[in-house]
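J.: The amino acid sequence is not available; the structure is as follows:
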Ligand SMILES: Nc1ncnc2c1ncn2[C@@H]1O[C@H](COP(=O)(O)OP(=O)(O)O)[C@@H](O)[C@H]1O
Ligand SMILES: O=C(O)C1=C[C@@H](OP(=O)(O)O)[C@@H](O)[C@H](O)C1
Ligand SMILES: [Mg+2]
């Protein structure tokens, strides 16, 4: 089994929100590796970061992504930093990957009120978000099949466009075939 679409992007891009809506629109299941990691650890991501450290979280995340990529046939959302792992990027080569992009101002606005993202919990979330984008944009683009800007679009609009884009891709003939 293989996901219909894997959703990547920075925190606040809408991976969970759009992923859930896209799965509902397509009538398939939704899975989020952040939830898988929390279920496996038996505690929230913030506790994993503070009690065990980021390295432990990243190892658990890479394992959760590898498992979900072979188990899940619906829409799969990854955590924002999953693409930092080279092994994960290598696994994504074979998949349809939707990169939801969001700029620094809108990303900080969307995540600002949540304490659930330990990486953005510092004193200057704008600077942290900017660094995160500088480091990760090339990596999101490396794995992306489709890039979708989300700053100025509501989730319903993004979901409708993705349903159309994925349908069009499913209907295309692979290169070299008749
Ligand atoms: N296109 C959008 N426009 C406005 N708000 C959005 C949009 N996409 C997501 N959000 C909001 O931003 C917050 C973070 O969304 P979420 O789906 O958790 O992002 P991610 O999983 O990428 O970190 C949520 O409050 C969500 O409702
Ligand atoms: O960007 C990151 O490194 C992270 C993003 C989070 O997921 P979302 O992108 O769904 O917020 C979560 O995996 C963890 O807090 C680390
Ligand atoms: Mg999420």
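T.: Looks like it came in fine. No experiment lies behind these values; they were computed from the predicted model shown. Ligands and ions are numbered 1, 2, ... in the order given.

J.: residues contacting residue 82?
T.: 8, 33, 61, 62, 65, 88 (Cβ atoms under 8 Å, 6 or more residues apart in numbering). No exception for glycine: its C-beta is placed from N, CA and C like everyone else's.

J.: so the fourth one, which of the three states?
T.: In this case it means residue 62. Put simply, residue 62 is helix when judged by DSSP: H, G, I helix; E, B strand; the rest coil.

J.: For burial, what's the neighbour tally of it?
T.: 19 (other Cβ atoms under 10 Å).

J.: could you check the distance from it over to ligand 2?
T.: Separation of residue 62 from ligand 2 (Cβ to the nearest ligand atom, to the nearest Å) stands at 12 Å.

J.: Report how many residues lie close to the closest residue to that residue other than its chain neighbours.
T.: If the residues on either side of it in the chain are set aside, residue 62 comes closest to residue 85, at 4.7 Å by Cβ to Cβ, 6 or more residues apart in numbering. As a burial measure, the neighbour count of residue 85 was computed by other Cβ under 10 Å and equals 17.

J.: and residue 85, what is it in contact with?
T.: With contact taken as Cβ under 8 Å, 6+ apart, residue 85 is in contact with 58, 61, 62, 65.

J.: buried residues in the helix or strand hosting the last one?
T.: Spelled out, it's residue 65. Following DSSP states H and E, one finds residue 65 within helix 54-71. Neighbour-count burial for helix 54-71, with 16 or more other Cβ atoms under 10 Å as criterion, is recorded at 57, 58, 60, 61, 62, 64, 65, 68, 69.

J.: from what I can see residue 4 touches residue 26, true?
T.: Yes - Residue 4 lies in contact with residue 26 (Cβ atoms under 8 Å); the separation is 6.4 Å.

J.: what do those two both touch?
T.: The overlap between the contact sets of residue 4 and residue 26 (Cβ under 8 Å, 6+ apart) consists of 74, 75, 166.

J.: Out of those residues, list just those in strands.
T.: By the criterion of DSSP state E, membership of the shared contacts of residue 4 and residue 26 in strands covers residue 75.

J.: Looking at the shared contacts of residue 4 and residue 26, spot the one nearest residue 122.
T.: residue 75 (31.1 Å; Cβ to Cβ).

J.: quick one, what contacts the closest residue to residue 50 other than its chain neighbours?
T.: Setting aside the residues directly before and after it, residue 50 is nearest to residue 118 in space (Cβ to Cβ, 6+ apart), at 7.0 Å. Residue 118 makes contacts with 45, 46, 49, 50, as judged by Cβ under 8 Å, 6+ apart.
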